[in-house]
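Show me the folded form of this:
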Amino acid sequence: MLRRTKIVATLGPASGRRKTLRKMIRSGLDVARLNFSHGTADDHRARTRKLRDAAEDCGRDVGLLGDLQGPKIRVMRFENGSVHLDKGDAFFLDSALGIESGTKEGVGVALDTLHEDVREGDTLLLNDGLISLRVKRVDGTRVHTTVVDGGILSDHKGINLKGGGLSAHALTDVDRENIKLAAELEIDFLAVSFVRSGDDIREARRLFEEAGGTGLIVAKVERTEAIDNIDSIIEAADVIMVARGDLGVEMGYASLTGIQKSLIEKTRKAHKIVITATQMMESMIENPIPTRAEVSDVANAVIDGTDAVMLSGETAVGKYPNKAIKAMAEVCVGAEKYQAPQGAARRVEDQFTRVDEAIAMATMYTANHMDVGAIIALTESGSTTRWMSRVRSDIPIYALTAHKATKRRVALYRGVYSVDFDVDAHQPGYLYQDIFATLLSGGHVSVGELVVFTKGDLQGISGNTNVMIILRVPEAS
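Below is the predicted model:
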């Protein structure tokens, strides 16, 4: 059984060797993530080279996702590296305080407008919500608080405002430089952190395209404001990432599961791609097997219809990066057995605006109502297979293309698998014969089974798919 749900995994010191990357790719890695929050430009260049060399060694086309740091709002540094805060302590946050002047009384903060964004009674959550502070009053740039939940607070820990409302812009000056680096590295997916609205996505896309980038844009949903503006964000983005860390802190963990399910459903109905991320198998940073709760978490995301699930620290700094990939792949396959195919996201009375979209939906309806072994799509950009993948089905979709960028792009699409095939290298009269020879040699189809085939009358033109044919696989001649 082919695994339909794709796996995204973060690169880091634990996955830095080409040998390790080869193991991860063979175990099921589909898209690798570069976290621009850590490492230098040269580090990212080196990791990109190693990944693509390892993928070539394995005969695979692995996508590459560049994740911008965004305006992660953090405390500055303490004189002694950390402090212990007790319940009831007075503690202040001040953007005007020196970078290394933090003490048990207070610390600097990397957001000049914090004092403008909060008011008496607000709750500030530090270190992923482990420490909470109640705002008492604001004097100039200094925010005076009382510790509600204490603990150890160390340098550079993050800050969230419960319920959202911090005014930091989604793209920083560092992000703008990393967008240029992403274009240089031919990144396939550019992830924008702490998105507030569709305007943030449109700005990132403009900057990426001006730098020469051609990849898809990923909106990371991790702020309350993003939930409030989710329709505009989904419309502007190509991919939605449910980034559950900061989102859970701001929105509250009790509502996180419902938000995740809603985001997956909304994104799929809009014919966009969705990734579920954060702490999916975090125990595997230290342990060789996941917890039962983590297995259920991944399985539920798969059953809900997510295109991909993501590993972060498990493969970046964990002890068992390859085992984490294997475990996640096994859970995905197991969960997919319990997911019944569903009809198209569109209702019958809806109107299509594009011919290739109509062909894609007709293909999936036909395939799900016949005994079809595979769906074959000749594609330039991969958009036809993206639309096909929005309809739940256990029928594999093969994207036949000669374009490296397209093959890496469809690596993220649920149930879609790339096959190297150059239409221009084959005579038109022998096209179907050559396609079936390629698919049979790769073990993708079997002699005698029915397949649904899509293509465009004018090959080489993106968005030109206008033909659907049902064929029976002949014996190789």
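
what does the helix or strand hosting Glu225 rub up against?
Using DSSP states H and E, Glu225 falls within helix 224-228. Outside helix 224-228, the residues that touch it by CB atoms under 8 Å, 6 or more residues apart in numbering are 163-165, 195-197, 219, 221, 233, 247, 250-251, 259. Where you see a C-beta, it was placed from the backbone N, CA and C, and this is true even at glycine.

Show me the two of these that sit farthest apart.
Greatest spatial distance among the contacts of helix 224-228 (CB to CB): Gly163 and Ala219, at 20.5 Å.

With neighbour numbers in mind, choose between these two.
Ala219 (28 against 11; other CB atoms under 10 Å).

Can you give me the distance of the residue lying closest to that one once chain neighbours are set aside to Thr172?
Nearest residue to Ala219, sequence neighbours excluded (CB to CB, 6 or more residues apart in numbering): Ala237, at 3.8 Å. As judged by CB to CB, to the nearest Å, Ala237 and Thr172 stand 19 Å apart.

what does Phe92 give?
Counting by CB to CB - Phe92 and Thr172 are separated by 25 Å.

More neighbours: which of Ala237 and Thr172?
Neighbour count, other CB under 10 Å: between Ala237 and Thr172, Ala237 has more, with 28 against 17.

could you list every residue that touches that one?
With contact set as CB under 8 Å, 6+ apart, Ala237 has these partners: Val195, Gly198, Ile201, Ile217, Val218, Ala219, Lys272.

picking that back up, the contacts of helix 224-228 in helices, which ones?
Assigned to helices by DSSP state H, the following of the contacts of helix 224-228 qualify: Ile233, Leu247, Glu250, Met251, Ile259.

which among the residues you listed gets closest to Met364?
Nearest to Met364 among the ones in helices among the contacts of helix 224-228, counting by CB to CB, is Ile233 at 26.0 Å.

Isn't that closest one up against Val242?
No - between Ile233 and Val242 there is no contact under CB atoms under 8 Å: 11.9 Å.

Can you check which residues contact both of these two?
With CB under 8 Å, 6+ apart, Ile233 and Val242 have common neighbours Val221.

neighbour count winner among the two?
Comparing Ile233 with Val242 by other CB under 10 Å, the one with more neighbours is Ile233, at 28 against 24.

what sits against the more buried one?
Neighbouring residues of Ile233 by CB under 8 Å, 6+ apart: Val195, Ser197, Gly198, Asp200, Ile201, Ala219, Val221, Ala226, Ile240.

7 Å - rerun?
Going by CB atoms under 7 Å, 6 or more residues apart in numbering, Ile233 touches Val195, Ser197, Gly198, Ile201, Ala219, Ala226.

just Tyr417 next, same as before
By CB under 7 Å, 6+ apart, the contact list for Tyr417 reads Pro396, Tyr398.

what do you get for the one 3 residues further on?
Taking CB under 7 Å, 6+ apart as the contact definition, Asp420 lies against Ala402.

hang on, the earlier thing: ok, the contacts of helix 224-228 vs Phe208, which is closest?
Comparing these against Phe208 with CB to CB picks out Ala219 as the nearest, at 13.1 Å.

bridging residues for the closest one?
With DSSP bridges applied, Ala219 shows beta-bridge pairing to Val192, Ile240.

Tell me how many other residues crowd Gly106.
Counted by other CB under 10 Å, the residues lying close to Gly106 total 20.

what's the helix or strand for the residue nearest to it when sequence neighbours are not counted?
Spatial nearest neighbour of Gly106, excluding adjacent residues (CB to CB, 6+ apart): Phe92 at 3.5 Å. Element membership for Phe92, per DSSP H and E: strand 90-94.

Neighbouring strands of that strand in the sheet, and parallel or not?
Sheet pairing for strand 90-94, assigned by DSSP bridges, gives strand 106-108 (parallel), strand 142-149 (antiparallel).

before we move on, the earlier item: might one say that the residue nearest to Gly106 is in contact with Gly140?
No - the criterion here is CB atoms under 7 Å, and Phe92 misses it with Gly140 at 10.9 Å.

my read: Val135 touches Leu125, true?
No - using CB under 7 Å, Val135 is not in contact with Leu125; the gap is 11.8 Å.

Next, show the common contact partners of these two.
Counting by CB under 7 Å, 6+ apart, nothing touches both Val135 and Leu125.

rewinding a little: please point out which parts of the helix holding Glu225 sit buried.
Using 16 or more other CB atoms under 10 Å as the test for burial, helix 224-228 gives Thr224, Glu225, Ala226, Ile227.

And stretch 279-296, by the same measure?
Buried-residue list, stretch 279-296, by 16+ other CB under 10 Å: Gln279, Met280, Met281, Glu282, Ser283, Met284, Ile285, Pro290, Glu294, Val295.

In which helix or strand does the second one reside?
In this assignment (DSSP H and E), Met280 forms part of neither any helix nor any strand.
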